[in-house]
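Engineer: Structure for this input, please:
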Amino acid sequence: MTKAMTKAQIQIFFERLREQRPHPKTELNYESPFQLLIAVLLSAQATDVSVNKATRQLFIDAPDAKSIYALGVERLKTYIKTIGLYNSKAENVIKTCQILLEKFDGQVPDQRKDLEALPGVGRKTANVVLNTAFGQPTMAVDTHIFRVGNRTGLAKGKDVLEVEQRLLKVIPKEFILDAHHWLILHGRYCCTARKPKCGECVVADVCNWKERFDYGAEIPLLPDRD
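Structural biologist: Residues are numbered from 1 along each chain as shown. Model (predicted):
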C-alpha cells in the first residue's frame with residue numbers, strides 16, 4: 001500500500017510541477033465563463049480534443065446562452081453529434097441556457113449551489129468552473145487526479161469526494177489555485193493509467209508509489225559507508 005506523502009514531499013511535489021508548467025490552464029477552448037461551462041458539460045466521457053472540434057463552430061455561431069437556446073435541441077445536436085452522449089447533452093445544454101436566461105440574466109453564477117442546480121452539472125463540473133472562471137480554490141477530481149492522488153500518496157481516498165477533501169487539506173495555499181490543472185496534466189501526460197512515464201517524471205523522487213522503479217524511475221543510491 002502506498003504511504004501518504006509528508007508535508008516536505010508535497011511542497012517539493014508542487015514546486016516541481018510549477019517549475020515544469022508555470023502557467024497551467026485547461027485544454028478546453030473558451031472565451032467566457034459561459035463557454036467554459038458548456039465545454040466542461042460536454043466533456044463528460046469525451047476528450048478535450050473532441051469537444052474543442054465540436055465547439056469551434058458552435059461558439060462562433062452561438063457564443064452565449066441566448067443564441068444557443070435559440071438553436072433548440074435538434075439544431076444543437078448537429079454541432080455536437082461527434083461527441084459521446086450528444087443527445088442527452090444537447091437537452092441538458094438547452095435546459096441550462098433556459099435557466100441561465102430566466103434566473104441569471106444569461107450569466108454563469110459563481111456559487112456552487114446555483115451551478116449544481118443546472119441540468120448536467122455535477123460537483124466536478126461546478127468545481128472546474130469555480131476554479132477556472134472565478135479563481136476559487138476548488139479541486140475538481142477526475143479520473144486523472146483520483147489516480148495521481150492515490151498512486152503517489154499525495155491524497156488517498158476511496159472515492160472522488162474523499163480525494164478532493166484530502167487534497168484541499170494537504171496542498172499548501174500557494175499552490176491551490178493551479179493545483180487542479182497541474183494534477184490533471186500530470187496524470188494525462190506522465191502518470192498515466194497504463195505505462196506511466198516514471199523515468200521522465202519530475203516528481204518521481206518524492207512519489208511513494210513502490211512500482212515506479214518498474215517503470216523507469218531511478219533507484220536512489222545508498223550513501224557510501226566508511
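Engineer: and the gap between Ile176 and Thr78?
Structural biologist: Remark: distance between Ile176 and Thr78 (C-beta to C-beta, to the nearest Å) = 40 Å. Heads up, the C-betas are built off the backbone N, CA and C, glycines and all.
Engineer: Which one of those two is surrounded by more residues?
Structural biologist: Just comparing Ile176 and Thr78: by other C-beta atoms under 10 Å the higher neighbour count belongs to Ile176, 17 against 12.
Engineer: Quick check: closest non-adjacent residue to the more buried one.
Structural biologist: Ranked by C-beta to C-beta, 6 or more residues apart in numbering and with sequence neighbours excluded, the top spatial neighbour of Ile176 is Pro137, at 4.5 Å.
Engineer: so that neighbour touches Phe175, yeah?
Structural biologist: No: contact between Pro137 and Phe175 fails when scored by C-beta atoms under 8 Å: they sit 10.0 Å apart.
Engineer: Compare those two (neighbour count), which wins?
Structural biologist: Neighbours of Pro137 and Phe175, each counted by other C-beta under 10 Å, are more numerous for Phe175; the result is 17 against 14.
Engineer: Does the more buried one fall in a helix, a strand, or a coil region?
Structural biologist: Reducing the assignment at Phe175 to three states with DSSP: H, G, I helix; E, B strand; the rest coil gives helix.
Engineer: For it, which non-adjacent residue is closest in space?
Structural biologist: Phe14 (4.2 Å).
Engineer: how about the helix or strand hosting that neighbour: buried residues?
Structural biologist: Take DSSP states H and E as the rule and Phe14 turns out to sit in helix 7-20. With burial defined by 16 or more other C-beta atoms under 10 Å, the residues of helix 7-20 counted as buried are Gln9, Ile10, Gln11, Ile12, Phe13, Phe14, Glu15, Arg16, Leu17, Arg18.
Engineer: That helix packs against which elements?
Structural biologist: helix 176-189 (3 or more C-beta pairs under 8 Å, 6 or more residues apart in numbering; DSSP states H and E).
Engineer: Tell me the buried residues in the helix it packs on?
Structural biologist: 176-188.
Engineer: go on, stretch 74-91?
Structural biologist: Counting neighbours by 16+ other C-beta under 10 Å, the buried set in stretch 74-91 is Leu76, Lys77, Tyr79, Ile80, Ile83, Tyr86, Lys89, Ala90.
Engineer: okay, now the domains of the chain?
Structural biologist: Here the chain is described, according to automatic domain parsing, as comprising the domains 7-24+139-215, 33-132.
Engineer: Which one, of those, ends up nearest to Met1?
Structural biologist: The closest approach between Met1 and any of those, judged by C-beta to C-beta, belongs to domain 7-24+139-215 at 8.7 Å.
Engineer: neighbours of Pro196, just the number please.
Structural biologist: Using other C-beta under 10 Å as the criterion, the residues surrounding Pro196 number 24.
Engineer: Please name the residues that touch the closest residue to it other than its chain neighbours.
Structural biologist: Computed as C-beta to C-beta, 6+ apart, the closest residue to Pro196 that is not its neighbour in sequence is Tyr215, at 5.3 Å. Contacts of Tyr215 were listed using C-beta atoms under 8 Å, 6 or more residues apart in numbering, and they are Lys195, Pro196, Lys197, Cys198, Gly199.
Engineer: Many thanks, I have nothing further to ask.
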